[in-house]
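Q: Attaching a predicted model along with its sequence, questions to come.
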Amino acid sequence: MTRIKLCGVTTFDNALLCAESGADLLGLNFYPPSPRAITPETARAITDELRVRLGDRCPLLVGVFVNASAAEIAQIMESAGLDAAQISGDEPPDLLAALQGRAYKAIRPRSAAEVRDLAVRYLPHAPENPRLPLLLVDAYHKALYGGTGEQASLDVALAARELVPRLMLAGGLKPENVAARVQAIQPWAVDTASGIENGTPGIKTPDRVRDFVATVRGFCIEAMTPADWPQVLRIYQEGIDTGLATFETETPSWDAWNAAHLDRCRLVARNGDQILGWAALVPVSGRCIYAGVAEHSIYIAALARGRGVGRALLNALIVASEQAGFWTLQSGIFPDNDASVGLHKACGFRVIGVRERIGQLHGVWKDVVLMERRSPTVGM
C-alpha cells in the first residue's frame, strides 16, 4: 500500500480533513519564507486537538524544516508536539544523526549519479521507524527548497527507488497525475502540498484532498446503495467462508439484511464498478438511552485485503457514525482473527473483555473479544 503525506496544513480544520481522508502523515511547515509556514504555537494547537479528536487514528505529525540547527529543530518538535522532522535544506548528514532517528532527509538530485551520492551520505542516518521514509526525493530547483509544483525527473526517481526501499516521492503530485507516477515508480509513499489546493497556499480543498487519496489508494468510500447488494453479499460470503468473521453460516436475503441494519452509515469501498469492502451498523438496543450506541460489521473482499481498504473503510465509518450522533461503536471479534483485532486497535478501539465460549461455530465453542470505541467528541 502506498502511504500518503499531505503537507503544508495551516489550520485544524484542514488538518482534520486530511487526516480523516486517509493521510498517513501530515506535514506542518516551519520555514518562514514559505507561504504555508506556521508558528510552533499554532502547530501545537493543531496537534493537540488532532490527538484528542482522533486518538490512535492520528497520522504521524511531521515538521518541515530548512537549514535550521539540530537544537532549533528539536526545540520546535517538542513545543509543537511533533512526531518527526523532514529536513529539506542543505543540511549535512550529521544533523540527522543529532536528531537520533526522528528525522529524514529530503533531497533534490539532478541526476541518477547524484542520487547515489546523496543516498550514501544520508541513508546511514535514516530513521528505523517503519512508519517514516528513509529519504524523500523532490524535483530539483536551483533556488527553491520544494513546493515548486514541478515533477521530479523519472530517471532520478527510478534510481532512487532502486536504492531506497522506503522512498517518499514529492514534486508536482496532484489527483490528475499521481496514479501514473505511482504506477511508474512504485514509491513507498507520496507527498503533496499545492496539488490539493485551489490557489491559496496552505488551504486544502476537500474535493482535491479526497480525490488525491482515492486515486493513490485505488478506491473511494461511498454510501451503499441497494444496487450494490450482489457484491456486498459475495463479500459477506467470503467472510463466512474464512470461519473467522462471524457465527453466521449462511448469507441473508436483502430484505433480512436491510431490516437488521440501520439505514444510516452504510458504506462501501468502490473501485469503479467493483466493491472492495463494506461496513454497516446494527443498533444494540431499542431503549432510547442507547440511541448513540451501535454494533458494526466490516467485511473486505479477499482480493482487496492488505491494500488499506479496511482501515480507510473503518475510519470513514467512524466519521459517519459521529456525524450521525453515535458516541460508541462496538464489535465482537474472534480472538484468532488477528487482522481484524489489529485493524480495530489501529483505528482507536480498545479491548474491554472476552466472552468465553459464547457460542458454537461448526460444533466448536468460540470466544469473542469485545472491542469498543468511545467518541471523544459526541455525547461528551
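A: It's in.

Q: where does this structure have low pLDDT?
A: For the chain, applying pLDDT under 70 flags the ranges 140-149.

Q: where exactly do the helices run in it?
A: 12-21, 40-54, 70-80, 93-98, 112-122, 154-163, 178-185, 206-217, 229-242, 254-260, 309-323, 338-346 (DSSP state H).

Q: Just send those back as a markdown table, with mean neighbour count and distance to Val364 too.
A: C-beta coordinates here come from the backbone N, C-alpha and C atoms, glycine included. What follows is those, written out as a markdown table (neighbours: other CB atoms under 10 Å; distance: least, CB to CB, whole Å):
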| stretch | mean neighbour count | distance to Val364 |
| --- | --- | --- |
| helix 12-21 | 21 | 39 |
| helix 40-54 | 17 | 38 |
| helix 70-80 | 16 | 51 |
| helix 93-98 | 17 | 53 |
| helix 112-122 | 17 | 53 |
| helix 154-163 | 18 | 47 |
| helix 178-185 | 15 | 43 |
| helix 206-217 | 20 | 36 |
| helix 229-242 | 17 | 14 |
| helix 254-260 | 12 | 25 |
| helix 309-323 | 22 | 25 |
| helix 338-346 | 17 | 18 |
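
Q: mind checking which of these is nearest Leu361?
A: Checking the helices of the chain against Leu361 by CB to CB gives helix 229-242 as the closest, at 10.1 Å.

Q: how far out from the middle of the chain is that closest one?
A: Centre-to-centre, helix 229-242 and its host chain are 25 Å apart (CA atoms, centre = their mean, to the nearest Å).

Q: circling back: how about the helices of the chain in CSV, adding distance to Ile87?
A: Output for the helices of the chain, formatted as CSV (distance: least, CB to CB, whole Å):
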stretch, distance to Ile87
helix 12-21, 21
helix 40-54, 17
helix 70-80, 8
helix 93-98, 6
helix 112-122, 9
helix 154-163, 16
helix 178-185, 22
helix 206-217, 24
helix 229-242, 44
helix 254-260, 52
helix 309-323, 28
helix 338-346, 28
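
Q: was I right about Glu322 contacting Pro376?
A: No - Glu322 lies out of contact with Pro376 (CB atoms under 8 Å); the separation is 9.4 Å.

Q: Nearest to Ala269, out of the helices of the chain?
A: That would be helix 309-323 among those, by CB to CB, at 4.9 Å.

Q: The closest one versus helix 338-346: what angle between them?
A: Per axes from the mean of the first three to the mean of the last three CA atoms, to 10 degrees, the angle that helix 309-323 makes with helix 338-346 is 40 degrees.

Q: Where do the domain boundaries of this protein fall?
A: As assigned by automatic domain parsing, the chain contains the domains 3-217, 220-374.

Q: Need those domains in JSON lines (columns: distance to Met380).
A: Output for the domains of the chain, formatted as JSON lines (distance: least, CB to CB, whole Å):
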{"stretch": "domain 3-217", "distance to Met380": "11"}
{"stretch": "domain 220-374", "distance to Met380": "8"}
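
Q: And for the nearest residue to Val156 once chain neighbours are set aside, the neighbour number?
A: Nearest residue to Val156, sequence neighbours excluded (CB to CB, 6 or more residues apart in numbering): Pro109, at 5.3 Å. Pro109 is flanked by 23 other residues according to other CB atoms under 10 Å.

Q: Tell me the spacing between Pro109 and Val182.
A: Pro109 sits 20 Å away from Val182, going by CB to CB, to the nearest Å.

Q: Surely Ala37 touches Tyr31?
A: Yes - using CB under 8 Å, Ala37 is in contact with Tyr31, at 5.7 Å.

Q: Which of the helices of the chain sits closest to Ile275?
A: Across the helices of the chain, Ile275 has its closest neighbour in helix 229-242 (3.9 Å, CB to CB).

Q: which helices and strands does the closest one pack with?
A: Applying 3 or more CB pairs under 8 Å, 6 or more residues apart in numbering; DSSP states H and E, one finds that helix 229-242 contacts helix 254-260, strand 274-283, strand 293-300.

Q: mind running it again at 6 Å?
A: Here helix 229-242 touches strand 293-300, going by 3 or more CB pairs under 6 Å, 6 or more residues apart in numbering; DSSP states H and E.
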